[in-house]
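Trainee: please work out how this folds:
(chains A, B and C)
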Amino acid sequence: MSQKNKIRILIAKPGLDGHDRGAKYVARALRDAGYEVIYTGIRQTPEAIVTIALQEDVQFVGLSLLSGAHNELFPRVVKLLREADAGDIVVFGGGIIPDYDIPGLKEAGVQAVFPPGTPISAVVEFIESCSVAGVSS
Amino acid sequence: MDTAGLAQGVLAGQVRSIARAISLVESGRAERDQLLDELRRRDDPPGEEQSIGAAVIGITGPPGAGKSTLISRLIMSVRETGEKVAVLAVDPSSPFTGGALLGDRIRMDLHGTDPGVFIRSMASRGGTGGISAAALETVQVLVSAGYGTIIVESVGVGQSEVGILTLADIVLVALTPGSGDEIQALKAGVMEIGDLYVVNKADYPQAEAMVASLNAALEETLRGGLAPLVLRTVATEGTGVAELYRAIGERLDQLHRTGELERRRQQRVIDALREMATDLFSRWISERLSADGDAVSRGIPFAAMRQELEQFLEQFTWRNHNGQRND
Amino acid sequence: MSIQDERERWDREVVQPVLAKQQERSGGDLQTSSGIPLERVFGPDNLDTGEGATAAGDATARDYMEKLGFPGEYPFTRGVQPTMYRGRHWTMRQYAGFGSATETNERFRYLLDAGQTGLSVAFDLPTQIGYDSDHSLCLGEVGKVGVAVDSLADMELLFNAIPLDQVSTSMTINAPAAILLAMYIVVAEKQGATRGALRGTIQNDILKEYIARGTFMFPPAPSMRLITNTFEFCTRELPKWNSISISGYHIREAGATAPQEVAFTLADAIAYVDAAVKAGLGVDAFAGRLSFFFSAGSDLLEEVAKFRAARRMWAAILRDRYGSRSAKSQAMRFHAQTSGAMLTAQQPDNNVVRVALHALAAVLGGAQSLHTNSRDEALSLPTEESVQIALRTQQIIALESGVANTVDPLGGSYAVEALTDEVERQAREYLAKIESDGGMVRAIENGFPQREIEDAAYRYQREIESKDRLVVGLNCHTRESSNACFDVMRHDPRVHDAQIERLKKVRAERDNAAVQRELNRLRQAANEDGADMMEPIIECVRQYGTLGEISQVLRDVFGEHRQHIGM
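Mentor: As a prediction, this is how the structure comes out:
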């Protein structure tokens, strides 16, 4: 009997920001959408997030940040993943991210940025499109 | 999938290989058996050695008992000895969506980037063929990767979550005074499985009363021939953890000397096999019955079904891993 | 016929024929934002008249005095001062702070010139968590959500040319509140001000950090000890200073309902008062300096009811639980801030209208001071123009709306009184549960309030996704266009480097032996149970010991708290 790998997603809060209402909502909503979700809790370093992503063998890392440190912290997570030979893990982000920062984040390897008010269906669609495209296999 | 390469990575202790090997084991895909064979072949042969080998410590208790904090402290104790330690945290998955929220890393993140600590979450309905088999095989992967202590954590809320503890060498039940835990503990059946009972948050006022009622409940109980111990900790402050860690070691030694440890290790393989067989078989039956809707709508012919199954089982052969028939 | 009978008759004879032609709207919008069902029309029969009432609606004078009374006396339901805004308007206090101390100082002086009457300092996250700007964990965070303060040198720049004996200053600082208060005192003393003249507030509310906001440092027990220390110190040295601002704001913003906001805030307050009383303080010696901080959201009637219920409950708690005899202790003074979570990034100009509603709720609810959010806060830090609109919103309510000209203008409204009763009833249930589970510190350790808030937040968000709850511009009346219809404020990337330069300079130029000596004295005090830590911290600060160094001493002694989430 064969079964495809379950999609595992890490929802992480890098930096010092303690506002986790959004991150917790996304984690729970993705769970309800049928994924296995690991939530890190607040105040994680990029190094710890990458270690967790590797050990948990996730296909996605979702980063949530409201403090404005995304330009430093999001790209750092991508960079550390690549250094760990795990550049195939898809990184996406959310929180208070001004429009003008989005191109730079995408340039740095963050594959999608979801602003406040994004319906969860948009996140699910993104995850499914990546999975179909074979990014996570 | 290159299972030989993956096995090599596991044996070399590479994090990504270990993680992927666990995913493979959980997935139930056919290559998992190849992988496990590779690992068995390359592991040192079991031989006549007298040592305990890797220790599997099971921890359960109701939510809010401070299990994660306690585990975090135990990790520190293990790391002080220089040994590598792994944690397998089992969380319930949703029976409706199959999704799971695995949040137990919180409080264990003190060890965020310590290369000697490997933490993995597993959803209780994640595997095909039963969680116990997946967990047991995960433990096998972790042992091959050189982890000398493996902590298996489970939230004691359901049968499959408590059942998973049968794969442990020793079982520790964490409880907190004064929040109705005693009743919950009894309900979840954890009073029947603990070698050690830890009253965490022992600085709470009702702690002594709880210790007393635990001692009373466990009076004349023997577990593996030994009386279960009741200990006190305040995990947030580290109080009592050194004593707990020592007690775990001593109890393991005793279980080893009496042969109980070996018996448990055999029993857990039997349990996992039984669970796997039951799981696979019940899925197979369900699929067949729902495919054969007509039969069901006509009323199930029990006698015919029984006959068919008995015939099937008569023809079923049991082989051991060397391929020899065992019947 | 009783009013109840009349209501039934009315329903039968007048309402039903209308409903037969036109049904009412159904779904989520016929209840409050917290899910309290709303009657078609409230009447005297909906009021909880308490014991002694002979029939529904037949409120006696005794009931009125026990439940509502007159403003300025027990139970303060209608307001904490007898004349409220007829005497003086609330303090208009805009929270501000970003980048360097010098930039923030400029913004403060701009706000004071624009007619603001009090200062409110936002600190960046490294400051709020007790790290110096050059700490490895501070990557990208320096000067972002507030001003970076590493040492007395930064505090001197922050309040440059602002006479501290003449303004009142609120500082949003919690885990290291004692350290920042010490810096403020030393700056004031250097300006020639006396301690007794200082007016202001430190937030100093650690319990809600564990529950909702996340800027904790130490475990609960030593945190409570530090807070009790500041209570003792302020009672003795700073008689005009609010030693704590017990905050429901962040609890609400994290997704709590209105009754949860009231309940968890009061439960926190009870824990602080318990700790101080246990440390030997008389309740009426310090309770008058406890202040509160609530959120003001869009559901106008429920919000007004919430503020009134909170005041009534606090007065009863002080009187009945602690035997307080002082009206000053029993009167709940509170700051309000308009809700950030209810603003939308979509069509941000609509936020101006939302903020006006929020602010109106705070004023009708009797706030002592108010921050109005800027329309662009869901996008970024507010621009000066947006901050001005926010401040003007308050001024228009104060000067043009007329609602400030009579005390508690909604008092006696059947709807508001019934909602006040219901918020109180639900909050009391929570308080009873927390009490029976061993108090708030334990409840937090067990993750109880966290779980309740998470569940409420999840329900709320699900309702928005399913459109059971409508938000204009977000899930209805949407428009395809970019969010940024005006300039937003950008961060100056040079702030970080300049901050670290100044920090290095401070470390190089100070008397390092003196710093070590004072840090050691602090370590001794911290190690000695019950010893005062405030004076040793003031001496560390005076010698330009940095926030990170002082915090590290306390971390060494107290350990660090890890988050507990109850998902």
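Trainee: and the nearest residue to residue C:227 once chain neighbours are set aside, what does it touch?
Mentor: Residue nearest to residue C:227 in three dimensions, not counting chain neighbours: residue C:204, with 5.9 Å by C-beta to C-beta, 6 or more residues apart in numbering or on different chains. C-beta here means a position set from N, CA and C on the backbone, and glycine is covered the same way. Residue C:204 makes contact with C:173-174, C:177, C:227, C:230, C:243-245, according to C-beta atoms under 8 Å, 6 or more residues apart in numbering or on different chains.
Trainee: switch the cut-off to 7 Å
Mentor: C:174, C:177, C:227, C:230, C:243-245 (C-beta atoms under 7 Å, 6 or more residues apart in numbering or on different chains).
Trainee: how confident was the prediction at it?
Mentor: We have a pLDDT of 97 for residue C:204.
Trainee: which SS state does it fall under?
Mentor: Recorded secondary structure, residue C:204: coil (DSSP: H, G, I helix; E, B strand; the rest coil).
Trainee: now residue C:38: how far from residue C:301?
Mentor: Here the criterion is C-beta to C-beta, to the nearest Å. By it, residue C:38 lies 8 Å from residue C:301.
Trainee: out of those two, which sits in the busier spot?
Mentor: Applying other C-beta atoms under 10 Å in any protein chain shown to residue C:38 and residue C:301 shows that residue C:301 carries more neighbours, namely 20 against 15.
Trainee: leaving out the residues flanking it, which one is nearest to residue B:77?
Mentor: residue B:245 (4.1 Å).
Trainee: could you check how many residues crowd around that neighbour?
Mentor: Neighbour count of residue B:245, defined by other C-beta under 10 Å: 19.
Trainee: ok, now how distant is the residue nearest to residue C:227 from residue C:175?
Mentor: With C-beta to C-beta as the criterion, residue C:204 and residue C:175 are 9 Å apart.
Trainee: what about the stretch 401-550 of chain C, any weak spots by pLDDT?
Mentor: Where the stretch 401-550 of chain C drops to pLDDT under 70, the residues are C:481-490.
Trainee: secondary structure element holding the residue of chain A at minimum distance from chain B?
Mentor: Nearest residue of chain A to chain B, counting by C-beta to the nearest C-beta: residue A:48, 3.3 Å away. Secondary structure assigned from DSSP states H and E places residue A:48 in helix A:46-55.
Trainee: pairing partners for the next helix or strand after that helix, with directions?
Mentor: The first helix or strand that comes after helix A:46-55 along the chain, using DSSP H and E, is strand A:60-65. When sheet partners are counted by DSSP bridges, strand A:60-65 sits next to strand A:8-12 (parallel), strand A:90-95 (parallel).
Trainee: most packed of the ones you listed?
Mentor: Of all these, strand A:8-12 has the most neighbours on average by mean count of other C-beta atoms under 10 Å in any protein chain shown, namely a mean of 28.
Trainee: got a list of contacts for that one?
Mentor: Residues outside strand A:8-12 that contact it (C-beta under 7 Å, 6+ apart): A:23, A:26-27, A:30, A:35-40, A:44, A:49, A:52-53, A:56-64.
Trainee: how does it look with 8 Å?
Mentor: By C-beta under 8 Å, 6+ apart, the residues outside strand A:8-12 that reach it are A:23, A:26-27, A:30, A:35-40, A:44, A:49, A:52-53, A:56-64, A:77, A:127, B:23.
Trainee: could you give the angle of it to helix A:46-55?
Mentor: Per axes from the mean of the first three to the mean of the last three C-alpha atoms, to 10 degrees, the angle that strand A:8-12 makes with helix A:46-55 is 170 degrees.
Trainee: residues near the residue nearest to residue A:51 when sequence neighbours are not counted, how many?
Mentor: In this structure, residue A:51 finds its nearest non-sequential neighbour in residue B:113, 5.1 Å apart by C-beta to C-beta, 6+ apart. By the criterion of other C-beta under 10 Å, residue B:113 has 13 neighbours.
Trainee: any residues in contact with both of residue C:38 and residue C:301?
Mentor: Taking C-beta under 8 Å, 6+ apart as the contact rule, residue C:38 and residue C:301 both touch C:32, C:415.
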